[in-house]
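K.L.:
okay, predicted coordinates and the sequence, questions at the end:
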Protein chains: 2
Amino acid sequence: METPAPPWRTARKQPRRQLSQELIVETGLRILDDEGLEAVSMRRVAQELNTGPASLYAHVANKEELLELMYEQVIGEIELPAPDDPRPWQEQIREIVRNSQRTLARHGSIAATVMAGVPTGPNSMRMAERMLGVMLGGGIPKRVATMAMDRLAMYITADVYESSLYQSMWRASGKEREQFVTDYFGQIREYFLSLPPERFPHLSASVEEMLEGDGDERFEFGLDLIIAGIEARLKS
Amino acid sequence: METPAPPWRTARKQPRRQLSQELIVETGLRILDDEGLEAVSMRRVAQELNTGPASLYAHVANKEELLELMYEQVIGEIELPAPDDPRPWQEQIREIVRNSQRTLARHGSIAATVMAGVPTGPNSMRMAERMLGVMLGGGIPKRVATMAMDRLAMYITADVYESSLYQSMWRASGKEREQFVTDYFGQIREYFLSLPPERFPHLSASVEEMLEGDGDERFEFGLDLIIAGIEARLKS
DNA sequence: TTCTCTCAACGAACGGCGTTCGTTACGAAC
DNA sequence: GTTCGTAACGAACGCCGTTCGTTGAGAGAA
């Protein structure tokens, strides 16, 4: 049991905490992973660090900057193939895109924050440089390569964002993961089956196909479409 | 000049307003168009109708439902080719996707609200039914058609969302449209030109290509990729 | 050692948000 | 003329991002 400090000696409750941008970003990411993007607020981050929200503003301009920093951190985690990888561009692009999707998906909803705006952090640049290099190395014209990169980045972000919304629905439901999926898709199936087949003949006839395929499968399908599209552009 | 009502007759300031879901949705859309998604709040909508936020809850479950209703309304505005349109599926899909993009873009940021979740409103169903019909009519297998539809819908939404973010950056800047674009891209160009070319050789060599092409051109480019991808899938 | 100065940390507050609760009073039904 | 369901509402709750003015720890100067 601690000896109580004499009351006249104005009690220093805590040794003054040492905040830093790194620590704040790290904390933000932990909350993001544990509880989703909605839970990441200045107050919540501050609370996690046993302080008030105002204290964060010495290290971070505002919430937007904090989210950008978190995003950059995540981008930095993406593994890229070696610069001298001998595989054809298709395979390398596929790997880069897949890795990006997986890494971003691991941190769920952060994707929402950066759908637009050319990202300019160092990790984002490293990423863009590599993708561009692979495509140009594959003989793709500059104009096509830059646009393809743009569309691929958008595709990754959109897919991750979409799946993060499912994740937050799941979280909000409070159910077990498997239970949630079963219930949710069961509900969708029921709804589609309830449609009047005379007004929606094609939909009614395709209910099972629409429910097949998980997120990864759909992602891969779309990626294939885009890459085949790029190839088609080269042949013409 | 109106005769003032006698003070003892408890003044009925207004004939009690007649709210309705339709009126609320309409008001929400007007605010969305004029001031962007951020401006659409329950309080703001209520204020526009000269009432308090609580009054809206008799007609709308919550903000999320309001946004969904607004989205459905917008989807309903999309023009679709006639059911017996004789053109090949590629052209029809292109037209549907293009119309969707344009209509959604007209109402900017509403796209943000529905990236995920199988939309289930009547207008969304009409849309899905038609796209599916076109593709199945073109001989595309059910499984491919449903997945392609899924990816196309995601593509539209992502593109519209992205461009809406640019729009809100523009709005926030307070500049003239042209001025904003010039300034913004000038800034990007400067940033890319400032990169050390030995670390980012490909990016440095592609700066001009990256800045070419407006939103529509990029959208069209991506759409071409996806459709070519679907075609490639049919040949194999 | 003592003083000074800078600036990270902080407590409190502002104006916004979505939503809920309990009350009121209109208009239809009886 | 009375009753009654319910749309409309005012007030409040607990969040949010951000700003302001104060405080006090610690580094550098004297």
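P.N.:
Cool, got the structure. Just so you know, these numbers come straight off a predicted model, no measurement behind them.

K.L.:
off-centre distance for the longest helix belonging to chain A?
P.N.:
The residue-count maximum for a helix in chain A (DSSP state H) belongs to helix A:142-173. Distance of helix A:142-173 from the chain centroid (CA atoms, centre = their mean, to the nearest Å) equals 7 Å.

K.L.:
now for the next helix or strand after that helix, which elements pack on it?
P.N.:
If you walk from helix A:142-173 toward the C-terminus, the next helix or strand you reach (DSSP states H and E) is helix A:177-193. On a contact count with 3 or more CB pairs under 8 Å, 6 or more residues apart in numbering or on different chains; DSSP states H and E, helix A:177-193 meets helix A:142-173, helix A:201-205, helix A:207-211. C-betas here are computed from N, CA, C, even on glycine.

K.L.:
residues contacting stretch A:31-50, please?
P.N.:
Residues from elsewhere that reach stretch A:31-50 (CB atoms under 8 Å, 6 or more residues apart in numbering or on different chains): A:14, A:17, A:19, A:23-24, A:27-28, A:30, A:52-56, A:63, A:66-67, A:70, A:106-110, A:112-113, A:164, A:167-168, A:171.

K.L.:
which parts of stretch A:141-152 are buried?
P.N.:
Within stretch A:141-152, the residues scored as buried using 16 or more other CB atoms under 10 Å in any protein chain shown are A:142, A:144-152.

K.L.:
got a markdown table for the residues you listed, with pLDDT and distance to B:E190 too?
P.N.:
A markdown table is the format used below for the buried residues of stretch A:141-152 (pLDDT from 0 to 100; distance: CB to CB, whole Å):
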| residue | pLDDT | distance to B:E190 |
| --- | --- | --- |
| A:K142 | 94 | 20 |
| A:V144 | 95 | 25 |
| A:A145 | 95 | 22 |
| A:T146 | 95 | 18 |
| A:M147 | 96 | 21 |
| A:A148 | 95 | 24 |
| A:M149 | 94 | 20 |
| A:D150 | 94 | 19 |
| A:R151 | 95 | 24 |
| A:L152 | 93 | 25 |
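
K.L.:
pLDDT averaged over the strand or helix carrying A:E65, what's the number?
P.N.:
For A:E65, the host element (DSSP H and E) is helix A:63-76. Helix A:63-76 shows a mean pLDDT of 90.

K.L.:
any idea which helix or strand comes after that helix?
P.N.:
Using DSSP H and E, the helix or strand that follows helix A:63-76 towards the C-terminus is helix A:89-106.

K.L.:
now do the buried residues in that next one.
P.N.:
For helix A:89-106, the neighbour count (16+ other CB under 10 Å) marks A:89-90, A:92-97, A:99-105 as buried.

K.L.:
quick one: it to helix A:142-173, angle?
P.N.:
Note on geometry: by axes from the mean of the first three to the mean of the last three CA atoms, to 10 degrees, helix A:89-106 and helix A:142-173 are set 30 degrees apart in direction.

K.L.:
what about helix A:89-106, distance to the chain center?
P.N.:
Its chain's C-alpha centre lies 12 Å from the corresponding centre of helix A:89-106 when counted by CA atoms, centre = their mean.

K.L.:
elements contacting that helix?
P.N.:
Judged by 3+ CB pairs under 8 Å, 6+ apart, helix A:89-106 is in contact with helix A:63-76, helix A:122-137, helix A:142-173, helix A:215-235.

K.L.:
quick revisit: now render the buried residues of stretch A:141-152 as TSV, adding distance to A:S41.
P.N.:
What follows is these, written out as TSV (distance: CB to CB, whole Å):
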residue	distance to A:S41
A:K142	43
A:V144	42
A:A145	40
A:T146	37
A:M147	37
A:A148	37
A:M149	33
A:D150	32
A:R151	33
A:L152	32
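
K.L.:
where in chain A is pLDDT low?
P.N.:
Within chain A, the stretches with pLDDT under 70 are A:1-17, A:115-118.

K.L.:
okay, and A:V60 sits in which element?
P.N.:
Here A:V60 is assigned to no helix or strand, by DSSP H and E.

K.L.:
neighbours of the spatially closest residue to it that is not a sequence neighbour, just the number please.
P.N.:
What sits nearest to A:V60 in space, not counting adjacent residues and going by CB to CB, 6 or more residues apart in numbering or on different chains, is A:L66, at 4.8 Å. Here the count is done by other CB atoms under 10 Å in any protein chain shown, and A:L66 has 22 residues near it.

K.L.:
and A:R43, by the same measure?
P.N.:
So A:R43, with other CB under 10 Å, has 10 neighbours.

K.L.:
same deal with A:V207?
P.N.:
A:V207: 18 neighbours (other CB under 10 Å).

K.L.:
got the contact list for the residue lying closest to it once chain neighbours are set aside?
P.N.:
Nearest residue to A:V207, sequence neighbours excluded (CB to CB, 6+ apart): A:F192, at 4.6 Å. Remark: with contacts taken as CB under 8 Å, 6+ apart, A:F192 is in contact with A:203-204, A:207, A:210.

K.L.:
which two from the residues you listed end up farthest apart in space?
P.N.:
A:S204 and A:M210 (10.5 Å; CB to CB).
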